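A.B. asks: Requesting a structural model of the entry that follows:
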Amino acid sequence: MSPGPLYRPPAPRALPPVRALLRSAFSGSRDLLSLLPEEAYRTWIAPLGVSRRGILLVNEPDMVRRIFGSDVATYPKNDLFVGALRPLIGDGVFVSDGDVWKRQRQMIEPSFGHMQVGRAFAAMEAATGAVQPILDARAADGEVLSLDAAVSHLTADIICRAVFSTTLESDAARRIFEDFAVFQETVANVRIARLLWGRPWAEVSQPAPARAACERIRRQIAGLIAARTDKSGEGARDIAGDIISARDPATGIGFSQQELVDQIGVFFLAGHETSATAVLWALFVLSQNPDLAARVRAEIDAEAGDGPIGLESVKRLALTRAVLRETLRLYPPGPFLPRVAARETEIGGYRLRRGAMVMVSPWIIHRHSGLWRNPDLFDESRFLSGSDAAVPAGAYLPFGLGPRVCIGAAFATVESTFLIAHLIRRYDIEVCAPEAVRPVARLTTRPARDIRVRLSRR
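C.D. replies: Now for the predicted structure:
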């Protein structure tokens with residue numbers, strides 16, 4: 001176990017159902033984490049509240065594996081989730097189903113193999129090198145800054161470099177980044193009334209600012225793709241180049257222009273936001289745990305000294321990676337992975353009518369009292385080799401499970417480990433109001449308000 005008492009990171013306190021509902025209603029945050037009753041963290045399978053379509057909460061690992069594995073066709077991605085994202089990413093691999101998804105996955109998967117992740121590591125090094133003097137200057141001035149914005153900017157720059165071999169400072173990339181912020185604020189917040197009383201597969205209307213942001217993002221991505229495809233024969237070695245060159249193994253046909261916008265939109269959306277969330281929470285936890293931060297720094301110093309933290313070094317940072325994995329347990333980027341019953345079916349003794357919602361929640365499963373010892377406490381030793389704090393089989397799913405497991409999981413793990421190591425080695429992080437930090441479920445598991453910090457060079 002870790003030296004000293006274990007730390008309890010911020011999270012909504014689980015309440016009885018009526019009190020949880022009242023807390024969520026009066027807070028006005030529309031946050032599902034605050035709405036979850038305490039029973040959700042103890043049950044294996046049960047109806048969740050009262051709703052028009054019916055919502056079944058499934059926590060039991062074998063049933064979850066069935067939903068995400070052998071019965072994946074019966075339980076496609078939930079229509080509310082798909083409806084919220086479709087204006088942005090069309091029928092991209094993140095939301096598509098069936099044969100369309102299989103074709104897309106086969107064509108895209110080679111872009112995220114081990115060699116491609118190694119190639120993308122140069123983008124991670126370049127982006128951190130570019131931001132370092134900026135953060136150094138802000139640290140020297142004693143400036144209070146948003147840790148959320150700093151980390152999000154960094155991961156967005158990495159994904160721009162990895163996808164299009166361009167920096168975030170290019171005009172198109174900057175506009176895409178800014179419009180993503182608009183999209184998150186106007187679309188990603190949970191509409192609890194729609195969740196409880198909406199009809200299955202009803203059209204998900206979007207606010208005008210969200211629609212406009214999606215149109216601008218897709219137009220900018222289309223322009224970047226057109227500029228690339230117009231330069232025939234250059235074959236840039238980046239993710240966009242790989243996807244443009246990808247061919248259906250059965251037909252030899254590549255993606256259409258619209259499909260390219262869909263697929264690359266997925267990587268801009270998921271490629272920076274999920275990593276930013278993981279790095280943000282890990283840095284916050286380390287800022288509140290000086291002993292753990294000292295152990296992480298000692299590991300980095302022993303591996304890399306004052307020199308660059310290379311890819312091979314990242315692979316050997318066992319404690320830093322364990323901190324990341326425990327962060328992903330307590331703050332999974334996707335707190336909910338909802339599915340919908342595509343037909344009448346049965347699971348765990350419950351009959352589901354077509355259109356019923358099946359709620360699989362990494363947030364709940366990762367904190368389930370029947371699966372984890374001290375589930376609400378931060379214990380990185382769970383993920384260290386030889387630890388007796390075992391990780392329950394099938395109960396850890398920050399990147400999903402089964403055939404639809406996140407295609408960028410290896411990329412995100414390397415990137416996040418590298419960024420945590422780079423930033424915690426270089427800076428002490430003083431959080432201005434740690435007692436005010438609380439997570440909410442938006443597009444990802446984000447803080448309700450920006451985490452304001454002062455950095456100081458070590």
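
A.B. asks: who's in contact with residue 77?
C.D. replies: Counting by C-beta atoms under 8 Å, 6 or more residues apart in numbering, residue 77 touches 95, 97, 338, 339, 340. For glycine as for every other residue, the C-beta is placed from the backbone atoms N, C-alpha and C.

A.B. asks: just for the chain, where's the confidence low?
C.D. replies: Along the chain, segments meeting pLDDT under 70 span 1-4, 15-30, 114-115, 188-193, 195-196, 230-236, 388-389.

A.B. asks: which stretch of helix or strand covers the residue most central in space within it?
C.D. replies: Per C-alpha atoms, centre = their mean, the C-alpha nearest to the average position across the chain is that of residue 274, at 2.8 Å. Under the criterion of DSSP states H and E, residue 274 resides in helix 257-287.

A.B. asks: Quick check: buried residues in that helix?
C.D. replies: 259-287 (16 or more other C-beta atoms under 10 Å).

A.B. asks: Report the next helix or strand after the host helix or strand of residue 298 in sequence order.
C.D. replies: Assigned by DSSP H and E, residue 298 belongs to helix 290-304. Using DSSP H and E, the next helix or strand after helix 290-304 towards the C-terminus is helix 311-316.

A.B. asks: which helices and strands sit right next to the following helix or strand past that next one?
C.D. replies: Following helix 311-316 in sequence order, the next helix or strand is helix 318-330 (DSSP H and E). Contacts defined by 3 or more C-beta pairs under 8 Å, 6 or more residues apart in numbering; DSSP states H and E place helix 318-330 against helix 257-287, helix 290-304, helix 409-426.

A.B. asks: Distance to residue 63 for those helices - can I get that in CSV?
C.D. replies: As requested, the helices and strands packed on helix 318-330 are exported to CSV (distance: least, C-beta to C-beta, whole Å):
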stretch, distance to residue 63
helix 257-287, 25
helix 290-304, 34
helix 409-426, 22
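
A.B. asks: nearest to residue 62, of those helices?
C.D. replies: Smallest distance to residue 62 across these (C-beta to C-beta): 21.9 Å, for helix 409-426.

A.B. asks: how far off helix 318-330 does the closest one point, in degrees?
C.D. replies: 120 degrees (axes from the mean of the first three to the mean of the last three C-alpha atoms, to 10 degrees).

A.B. asks: Correct me if wrong: residue 156 contacts residue 168.
C.D. replies: Yes - counting by C-beta atoms under 8 Å, residue 156 touches residue 168, with 5.4 Å between them.

A.B. asks: who has more neighbours, these two?
C.D. replies: residue 156 (24 against 21; other C-beta atoms under 10 Å).

A.B. asks: just checking, what packs against the helix or strand where that one lies?
C.D. replies: Following DSSP H and E, one finds residue 156 within helix 147-164. Of the remaining helices and strands, those touching helix 147-164 by 3+ C-beta pairs under 8 Å, 6+ apart are helix 114-140, helix 171-187, helix 239-245, helix 257-287, helix 409-426.

A.B. asks: Tell me which other helices or strands the first one touches.
C.D. replies: The reference is to helix 114-140. Going by 3+ C-beta pairs under 8 Å, 6+ apart, helix 114-140 lies up against helix 147-164, helix 239-245, helix 409-426, strand 452-457.

A.B. asks: May I see the ones you listed arranged in TSV, with distance to residue 38 as well?
C.D. replies: Shown next, in TSV, are the helices and strands packed on helix 114-140 (distance: least, C-beta to C-beta, whole Å):
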stretch	distance to residue 38
helix 147-164	29
helix 239-245	43
helix 409-426	31
strand 452-457	31
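
A.B. asks: how about the strands in the stretch 1-150 of the chain?
C.D. replies: In chain order, the stretch 1-150 of the chain shows strands spanning 45-47, 55-58, 144-146, with DSSP state E, counting those that start in this stretch as the criterion.

A.B. asks: any chance of these in JSON lines, plus mean neighbour count and distance to residue 209?
C.D. replies: Output for the strands of the stretch 1-150 of the chain, formatted as JSON lines (neighbours: other C-beta atoms under 10 Å; distance: least, C-beta to C-beta, whole Å):
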{"stretch": "strand 45-47", "mean neighbour count": "15", "distance to residue 209": "35"}
{"stretch": "strand 55-58", "mean neighbour count": "22", "distance to residue 209": "29"}
{"stretch": "strand 144-146", "mean neighbour count": "15", "distance to residue 209": "21"}
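
A.B. asks: So for residue 12, which of these sits nearest?
C.D. replies: Counting by C-beta to C-beta, residue 12 lies closest to strand 55-58 out of these; the figure is 16.5 Å.

A.B. asks: What I need now is the strands of the stretch 1-150 of the chain written out in CSV, including distance to residue 203 for each item.
C.D. replies: Formatted as CSV, the strands of the stretch 1-150 of the chain follow (distance: least, C-beta to C-beta, whole Å):
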stretch, distance to residue 203
strand 45-47, 26
strand 55-58, 20
strand 144-146, 35
